[in-house]
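[1] What would the 3D arrangement of this be:
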Amino acid sequence: MTDTEKDQILKTYLQAAEPLLDRIAVLDGKALDFRPAIADAWTIREHLAHFFHADMFCYTRVGIAIAQPGTTLFAWDEALWNSNIESSFMDIKALVAGTRTVRGYTAALARSVPTSGWDTAVAVHPKRGPMKIADLLAIYTGHAAFHMEYLNRNLAAMK
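    Numbering: from 1, shown residues only. Purely as a prediction, here's the structure:
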(Lines give C-alpha, C1' and ligand atoms only; values in the text may rest on other atoms or scores of the structure.)
Protein backbone atom coordinates (compact mmCIF):
# COMPACT_ATOMS: atom_id res chain seq x y z
CA MET A 1 0.00 0.00 0.00
CA THR A 2 1.17 3.52 -0.79
CA ASP A 3 0.60 6.71 1.17
CA THR A 4 -1.72 7.87 -1.61
CA GLU A 5 -3.81 4.68 -1.32
CA LYS A 6 -3.97 5.07 2.45
CA ASP A 7 -5.12 8.69 2.10
CA GLN A 8 -7.78 7.66 -0.43
CA ILE A 9 -9.11 4.91 1.86
CA LEU A 10 -9.40 7.39 4.72
CA LYS A 11 -11.04 10.06 2.54
CA THR A 12 -13.56 7.56 1.17
CA TYR A 13 -14.33 6.25 4.67
CA LEU A 14 -14.94 9.77 6.00
CA GLN A 15 -17.12 10.84 3.06
CA ALA A 16 -19.17 7.64 2.83
CA ALA A 17 -21.50 8.47 5.69
CA GLU A 18 -22.18 12.09 4.71
CA PRO A 19 -25.12 11.52 2.30
CA LEU A 20 -26.86 9.32 4.88
CA LEU A 21 -26.22 11.72 7.77
CA ASP A 22 -27.23 14.77 5.75
CA ARG A 23 -30.47 13.12 4.68
CA ILE A 24 -31.39 11.98 8.20
CA ALA A 25 -30.53 15.33 9.79
CA VAL A 26 -33.44 17.09 8.05
CA LEU A 27 -36.15 14.52 8.75
CA ASP A 28 -38.94 15.15 11.23
CA GLY A 29 -40.03 12.92 14.09
CA LYS A 30 -42.78 11.28 12.06
CA ALA A 31 -40.32 10.07 9.42
CA LEU A 32 -37.67 9.14 11.99
CA ASP A 33 -40.01 6.96 14.01
CA PHE A 34 -42.11 5.42 11.23
CA ARG A 35 -41.87 1.63 11.17
CA PRO A 36 -42.83 0.01 7.86
CA ALA A 37 -45.23 -2.94 7.96
CA ILE A 38 -42.37 -5.33 7.19
CA ALA A 39 -41.22 -8.08 9.54
CA ASP A 40 -38.29 -6.97 11.71
CA ALA A 41 -38.20 -3.50 10.12
CA TRP A 42 -36.35 -0.77 11.99
CA THR A 43 -37.26 2.89 12.16
CA ILE A 44 -34.82 5.42 10.69
CA ARG A 45 -33.94 6.47 14.25
CA GLU A 46 -33.07 2.84 15.02
CA HIS A 47 -30.98 2.60 11.86
CA LEU A 48 -29.05 5.72 12.86
CA ALA A 49 -28.56 4.48 16.44
CA HIS A 50 -27.26 1.20 15.01
CA PHE A 51 -25.00 3.08 12.61
CA PHE A 52 -23.56 5.08 15.51
CA HIS A 53 -22.99 1.91 17.55
CA ALA A 54 -21.32 0.26 14.56
CA ASP A 55 -18.98 3.21 14.10
CA MET A 56 -17.98 2.98 17.77
CA PHE A 57 -17.18 -0.68 17.17
CA CYS A 58 -15.13 0.31 14.12
CA TYR A 59 -13.05 2.70 16.23
CA THR A 60 -12.52 -0.02 18.83
CA ARG A 61 -11.65 -2.65 16.23
CA VAL A 62 -9.09 -0.41 14.53
CA GLY A 63 -7.63 0.39 17.94
CA ILE A 64 -7.38 -3.30 18.81
CA ALA A 65 -5.67 -4.05 15.50
CA ILE A 66 -3.10 -1.35 16.28
CA ALA A 67 -2.58 -1.87 20.02
CA GLN A 68 -3.06 -5.62 20.27
CA PRO A 69 -2.34 -7.17 16.86
CA GLY A 70 -3.69 -10.69 16.47
CA THR A 71 -6.47 -10.24 19.04
CA THR A 72 -9.80 -11.87 18.26
CA LEU A 73 -12.56 -9.28 18.07
CA PHE A 74 -15.84 -9.39 19.94
CA ALA A 75 -18.74 -10.21 17.62
CA TRP A 76 -21.68 -8.00 18.48
CA ASP A 77 -25.25 -9.01 17.76
CA GLU A 78 -26.85 -6.08 15.93
CA ALA A 79 -30.38 -7.37 16.35
CA LEU A 80 -29.99 -7.71 20.12
CA TRP A 81 -28.50 -4.24 20.38
CA ASN A 82 -31.46 -2.87 18.44
CA SER A 83 -34.06 -4.74 20.47
CA ASN A 84 -32.45 -4.30 23.91
CA ILE A 85 -31.18 -0.72 23.70
CA GLU A 86 -33.99 1.81 23.48
CA SER A 87 -33.35 4.42 20.80
CA SER A 88 -36.51 6.55 21.03
CA PHE A 89 -34.81 8.90 23.50
CA MET A 90 -31.79 9.39 21.23
CA ASP A 91 -31.58 12.86 19.78
CA ILE A 92 -31.01 12.75 16.03
CA LYS A 93 -28.78 15.81 15.93
CA ALA A 94 -26.60 14.33 18.67
CA LEU A 95 -26.41 10.97 16.87
CA VAL A 96 -25.48 12.65 13.58
CA ALA A 97 -22.82 14.81 15.29
CA GLY A 98 -21.59 11.85 17.33
CA THR A 99 -21.25 9.69 14.25
CA ARG A 100 -19.23 12.36 12.49
CA THR A 101 -17.02 12.74 15.56
CA VAL A 102 -16.42 9.00 15.93
CA ARG A 103 -15.64 8.68 12.22
CA GLY A 104 -13.20 11.56 12.51
CA TYR A 105 -11.44 9.94 15.47
CA THR A 106 -11.35 6.60 13.71
CA ALA A 107 -9.75 8.15 10.64
CA ALA A 108 -7.25 10.05 12.82
CA LEU A 109 -6.37 6.86 14.68
CA ALA A 110 -5.82 4.96 11.44
CA ARG A 111 -3.91 7.90 9.93
CA SER A 112 -1.55 7.89 12.94
CA VAL A 113 -0.21 4.49 11.88
CA PRO A 114 2.57 4.67 9.29
CA THR A 115 1.48 3.21 5.96
CA SER A 116 3.92 0.31 6.46
CA GLY A 117 2.10 -0.53 9.71
CA TRP A 118 -1.23 -1.01 7.99
CA ASP A 119 -0.11 -4.52 7.02
CA THR A 120 0.86 -5.55 10.55
CA ALA A 121 -2.04 -3.98 12.45
CA VAL A 122 -4.37 -6.94 12.21
CA ALA A 123 -7.33 -8.06 14.30
CA VAL A 124 -9.10 -11.39 13.91
CA HIS A 125 -12.80 -11.18 13.18
CA PRO A 126 -14.59 -14.30 14.50
CA LYS A 127 -16.33 -14.90 11.15
CA ARG A 128 -14.16 -13.07 8.60
CA GLY A 129 -10.73 -14.01 9.92
CA PRO A 130 -7.69 -11.71 10.01
CA MET A 131 -8.48 -8.13 9.04
CA LYS A 132 -6.08 -5.26 8.42
CA ILE A 133 -6.98 -1.61 8.99
CA ALA A 134 -8.01 -1.20 5.34
CA ASP A 135 -10.27 -4.26 5.62
CA LEU A 136 -11.99 -2.91 8.72
CA LEU A 137 -12.50 0.51 7.19
CA ALA A 138 -13.92 -1.07 4.03
CA ILE A 139 -16.73 -2.72 6.02
CA TYR A 140 -17.77 0.58 7.56
CA THR A 141 -17.33 2.53 4.33
CA GLY A 142 -19.98 0.38 2.64
CA HIS A 143 -22.20 0.41 5.70
CA ALA A 144 -23.62 3.86 4.91
CA ALA A 145 -24.89 2.92 1.45
CA PHE A 146 -26.46 -0.22 2.92
CA HIS A 147 -28.47 1.87 5.39
CA MET A 148 -29.35 4.50 2.78
CA GLU A 149 -31.36 1.78 1.03
CA TYR A 150 -33.36 1.19 4.22
CA LEU A 151 -33.86 4.91 4.73
CA ASN A 152 -35.25 5.21 1.20
CA ARG A 153 -37.43 2.15 1.74
CA ASN A 154 -38.90 3.58 4.95
CA LEU A 155 -39.57 6.98 3.40
CA ALA A 156 -41.25 5.39 0.37
CA ALA A 157 -43.42 3.21 2.64
CA MET A 158 -44.68 6.32 4.46
CA LYS A 159 -46.36 7.64 1.31
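[2] Grab the nearest non-local neighbour of the residue nearest the centre of the chain.
    Taking CA atoms, centre = their mean, the centroid of the chain lies closest to Asp55, which sits 3.6 Å from it. Distances taken as CB to CB, 6 or more residues apart in numbering put Val102 closest to Asp55, at 4.5 Å, once the chain neighbours are dropped. Heads up, the C-betas are built off the backbone N, CA and C, glycines and all.
[3] Check the secondary structure at that neighbour for me.
    helix (DSSP: H, G, I helix; E, B strand; the rest coil).
[4] Surely it and Thr60 touch.
    No - checked against CB atoms under 8 Å, the pair Val102 and Thr60 is beyond contact range at 10.0 Å.
[5] okay, those two: which has more neighbours?
    Val102 (19 against 15; other CB atoms under 10 Å).
[6] The more buried one and Asp91, how far apart?
    In this view, Val102 and Asp91 are 15 Å apart by CB to CB, to the nearest Å.
[7] From the contact counts, what lies against the lowest-mean-pLDDT helix or strand in the chain?
    Here the helix or strand of the chain ranked lowest by mean pLDDT, DSSP states H and E is helix 78-84, holding a mean of 89. Where contact means 3 or more CB pairs under 8 Å, 6 or more residues apart in numbering; DSSP states H and E, helix 78-84 is packed against helix 44-67.
[8] buried set for the helix it packs on?
    44-59, 61-66 (16 or more other CB atoms under 10 Å).
[9] Next: stretch 79-90.
    For stretch 79-90, using 16+ other CB under 10 Å, the buried residues are 81-82, 87, 90.
[10] what residues are up against the residue nearest to the centre of the chain?
    17, 99, 102-103, 106, 140 (CB atoms under 8 Å, 6 or more residues apart in numbering).
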